[in-house]
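1. Based on what follows, work out the 3D shape:
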Amino acid sequence: MGKPHPTELRTRFVDFIEEGNTHRATAAHFRVSVKFVNDMVKLKRETGALAQAENDDNQPQGLSL
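-> Down below sits the predicted model:
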C-alpha cells in the first residue's frame, strides 16, 4: 500500500474542483483515480478538513490481527 497524499496536495484537488473543473478532469490532471477525488470532496464536505486519518497501531487500516 502506498503512502497517503499530503494534505497540501489534497487541498489542491478540492480547489481545482471548486474552480469549476469536473471530478474526471481533476483526476486526469493530477493522475489519481476519480474515486479518490470523490472521496476527498466528500471528506471536505463532511468534516471540513482533508487531513489523513490517524493510525495509532502503525498497521494498514482494514487489517485486524
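
2. any idea which residue sits dead centre in this protein?
-> Closest to where the C-alpha atoms of the chain average out (C-alpha atoms, centre = their mean) is M40, at 3.8 Å.

3. From the contact counts, what lies against the one helix or strand it maps to?
-> If you go by DSSP states H and E, M40 is part of helix 34-47. On a contact count with 3 or more C-beta pairs under 8 Å, 6 or more residues apart in numbering; DSSP states H and E, helix 34-47 meets helix 7-18, helix 23-30. C-beta: built from backbone N, CA, C; applies to glycine.

4. I would like the residues contacting the longest one, please.
-> When you say that, I think you mean helix 7-18. 23, 26, 29-30, 32, 37, 40-41, 44, 50-52 (C-beta atoms under 8 Å, 6 or more residues apart in numbering).

5. do the same with the shortest one
-> The set of residues that contact helix 23-30 without belonging to it, under C-beta under 8 Å, 6+ apart, is 9, 12-13, 16-17, 21, 33-34, 36-38, 41.

6. what's the angle from that helix to helix 7-18?
-> Angle of helix 23-30 versus helix 7-18, following axes from the mean of the first three to the mean of the last three C-alpha atoms, to 10 degrees, is 140 degrees.

7. for the chain, which spans come out with low pLDDT?
-> Along the chain, the parts satisfying pLDDT under 70 run over 1, 53-65.

8. Now with 90, please.
-> 1-10, 13, 36, 40, 43-65 (pLDDT under 90).

9. returning to that earlier point: for the residue nearest to the centre of the chain, give me its contacts.
-> Contacts of M40 (C-beta under 8 Å, 6+ apart): 10, 13-14, 50.

10. Identify the farthest-apart pair in the residues you listed.
-> Across the contacts of M40, the longest distance by C-beta to C-beta is 8.4 Å; it joins F13 and L50.

11. quick one: which of those two has more around it?
-> F13 (24 against 19; other C-beta atoms under 10 Å).

12. Skip the chain neighbours and tell me the closest residue to that one.
-> Counting by C-beta to C-beta, 6 or more residues apart in numbering, the nearest residue to F13 once its immediate chain neighbours are dropped is M40, at 5.2 Å.

13. Repeat that for V34.
-> A27 is the one closest to V34 (C-beta to C-beta, 6+ apart), at 4.5 Å.
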